[in-house]
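Chemist: Sharing a model prediction with you, sequence too.
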Amino acid sequence: MPNFTRCFPLLADSVKDAVLLLDREGGVLSANRAAEELLGIDRRAPASRRLGEFVDAEPDRMAAILKQWARSNKSTASRLRLRAASGTVSDFQCEGHAILPLPGAERLIFVSCRRTELAGVRFVALGAQVARLEREVRSRRAAEARAVQLNEQLEVRVAERTAELRAANLELEHTVAHLQAAQSELTVQETMASLGRLVAGIAHEVNTPIGVGLLSASHLRDRVLAFQKTYRSGRVHRKDIESFMGSADEASAILLTNIKRASDLIRSFKQVAVDQSSGSWRRYSLHEYIEETLLSLKPQLRGSGHKLEVSVDEGVEIFGNPGVLYQVVSNLVMNSVVHAFDGDRQGTIGVRGWQSDDRVSVEVCDDGGGIREEHLERLFEPFFTTKRGRGGTGLGLHLVHNLVSQQLGGEIRCHSEVGRGTTFEISFPSRIDSREPMRSSLDA
């Protein structure tokens with residue numbers, strides 16, 4: 001209704017006669033410019049005036065005319081004397097009828113006032129404009145109703161889609177949780193397999209010095225028994241004493257050397273095993289630890305026939321979990337043993353290590369057959385292997401990548417060309433202050 005009242009003067013101003021929009025009681029709701037000039041109505045506040053103020057007629061007659069106009073949709077003419085703003089009173093023919101701006105709205109009265117000498121002139125244009133205004137208002141209201149309906153439908157669709165996405169996200173979270181649990185279990189299994197290889201290495205490496213020591217001890221025992229027999233017979237000569245002392249010295253030296261060798265091996269293997277199982281943090285030497293790591297792999301390397309070249313700078317110290325470095329280096333070396341060389345071909349595996357500023361770099365390389373370019377992109381994916389069914393699980397390099405990026409807070413890259421070997425480059429800080437799993441820049 002307020003929109004119709006505001007739009008009314010825009011159409012009615014084109015008419016020369018006075019045009020008014022009234023309520024059922026004769027209150028002025030709007031007026032055109034001609035009515036404003038004739039009657040002195042302030043269009044900014046028309047509601048403060050009533051039509052009866054300008055008509056020189058009895059109130060009962062005025063009320064009857066308003067009632068007749070409000071009842072009929074057809075225009076009804078009445079001759080009225082109107083008092084102008086100048087004070088003069090003139091005869092006007094006023095035609096009025098009811099209009100309905102909007103469905104369900106209150107009826108209004110449309111009144112046009114013409115001087116009696118112009119009473120026969122019909123202003124069809126104004127009626128057409130009013131009708132057009134009514135149609136435009138109805139059309140706008142219908143469009144607004146359609147927009148509201150579309151918005152409601154859109155809200156319903158958005159709510160349904162949001163519910164679907166929430167359910168999909170929940171299912172995805174459960175799937176990721178299951179995958180992470182499976183990955184953790186597989187990592188533990190891989191670590192236990194690494195410990196198994198370590199135990200096998202201990203048994204193989206310690207067997208030699210223990211065997212030699214046992215042989216020396218047995219020989220020394222035989223010499224002692226023989227000397228005791230000679231001594232008890234009373235036929236001990238100087239040369240017998242000198243021979244016994246020489247044999248005892250030689251046997252004890254061999255025995256001491258091999259027992260010390262076995263002790264060093266056991267101490268080294270014990271430290272590596274503790275590092276892997278406990279995950280304790282300490283300061284350790286890069287050179288010594290890589291030597292100990294490769295020592296535990298000697299049985300596998302000796303069986304493969306490959307040559308191992310090691311070049312690690314001394315004096316490089318790391319503060320962190322040494323068990324992580326053991327798993328990284330041992331997995332990369334064994335990856336070269338299993339994948340780099342075809343058939344019975346023997347090759348060279350190199351391990352290098354150095355420090356630059358506060359970064360430690362470790363490089364494991366081989367001169368094997370190399371890796372195809374399409375495989376390089378998937379190299380660190382879980383369960384990706386080119387040895388499926390021949391001992392390859394596809395977890396070794398995936399475990400290495402996770403250990404380097406999350407535990408060492410470093411980066412790992414692989415460079416390879418078919419027929420020219422493969423190089424794995426690892427870079428990580430020499431000190432990791434936080435013991436929580438870290439993420440490298442490659443994972444960001």
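Modeler: Great, that's in hand.
Chemist: Mind pulling up the pLDDT for the nearest residue to residue 344 once chain neighbours are set aside?
Modeler: Spatial nearest neighbour of residue 344, chain neighbours left out: residue 305 (7.9 Å); criterion: CB to CB, 6 or more residues apart in numbering. C-beta: built from backbone N, CA, C; applies to glycine. pLDDT for residue 305: 79.
Chemist: Just to be sure, residue 221 is in a helix?
Modeler: Yes - per DSSP: H, G, I helix; E, B strand; the rest coil, residue 221 lies within a helix segment.
Chemist: Could you give the number of residues near it?
Modeler: 11 (other CB atoms under 10 Å).
Chemist: now what about the top strand by length along the chain, what contacts it?
Modeler: Assignment by DSSP state E gives strand 89-99 as the longest strand of the chain. By CB atoms under 8 Å, 6 or more residues apart in numbering, the residues outside strand 89-99 that reach it are 18, 22, 56, 65, 69-84, 107-116, 118-119, 130, 134.
Chemist: can you tell me which of those are in helices?
Modeler: Counted as lying in helices by DSSP state H, out of the contacts of strand 89-99, are 65, 69, 70, 71, 130, 134.
Chemist: Counting neighbours, which of these comes out on top?
Modeler: Neighbour max across the ones in helices among the contacts of strand 89-99 (other CB under 10 Å) = residue 69, 23 neighbours.
Chemist: so for stretch 65-75, what's the average pLDDT?
Modeler: On average, stretch 65-75 scores 86.
Chemist: contacting residues for residue 324?
Modeler: Counted by CB under 8 Å, 6+ apart, residue 324 has contacts 403, 407, 408.
Chemist: Tabulate those residues in a markdown table, adding columns for secondary structure and distance to residue 313.
Modeler: What follows is the contacts of residue 324, written out as a markdown table (DSSP: H, G, I helix; E, B strand; the rest coil; distance: CB to CB, whole Å):
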| residue | secondary structure | distance to residue 313 |
| --- | --- | --- |
| 403 | helix | 22 |
| 407 | helix | 22 |
| 408 | coil | 18 |
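Chemist: tell me which of those is nearest to residue 49?
Modeler: Closest approach between those and residue 49, by CB to CB: residue 407, at 88.5 Å.
Chemist: Go ahead and confirm that closest one touches residue 321.
Modeler: Yes - using CB atoms under 8 Å, residue 407 is in contact with residue 321, at 6.5 Å.
Chemist: how about the ones in helices among the contacts of strand 89-99 in CSV, adding distance to residue 94?
Modeler: Formatted as CSV, the ones in helices among the contacts of strand 89-99 follow (distance: CB to CB, whole Å):
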residue, distance to residue 94
65, 8
69, 9
70, 14
71, 16
130, 16
134, 21
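Chemist: Give me the buried subset of the contacts of strand 89-99.
Modeler: Among the contacts of strand 89-99, those scoring as buried are 18, 22, 65, 69-70, 78, 80, 82-83, 108-114, 130 (criterion: 16 or more other CB atoms under 10 Å).
Chemist: Tell me how many other residues surround residue 64.
Modeler: Residue 64: 13 neighbours (other CB under 10 Å).
Chemist: State the distance from it to residue 263.
Modeler: Here the criterion is CB to CB, to the nearest Å. By it, residue 64 lies 130 Å from residue 263.
Chemist: Also residue 90?
Modeler: Counting by CB to CB, the gap from residue 90 to residue 263 is 134 Å.
Chemist: do residue 352 as well
Modeler: Distance from residue 352 to residue 263, by CB to CB: 29 Å.
Chemist: Settle it for me: which of these two has more neighbours?
Modeler: residue 352 (17 against 12).
Chemist: can you pull the contacts of that one?
Modeler: Contacts for residue 352 (CB under 8 Å, 6+ apart) come out as 310, 311, 312, 362, 363, 365.
Chemist: Identify all contacting residues around stretch 365-379.
Modeler: 336, 339-342, 345, 347-350, 352, 384, 386, 397, 414, 416-424.
Chemist: got the end-to-end distance for it?
Modeler: 15 Å (CA to CA, to the nearest Å).
Chemist: Buried residues of it, list them for me.
Modeler: Result for stretch 365-379 [16+ other CB under 10 Å]: buried residues 365, 366, 367, 368, 369, 370, 371, 379.
Chemist: what do you get for stretch 298-312?
Modeler: Neighbour-count burial for stretch 298-312 [16+ other CB under 10 Å]: 299, 300, 301, 304, 306, 308, 312.
Chemist: next one: stretch 22-35
Modeler: Going by 16+ other CB under 10 Å, stretch 22-35 has these buried residues: 22, 23, 26, 27, 28, 29, 30, 31, 32, 33, 34, 35.
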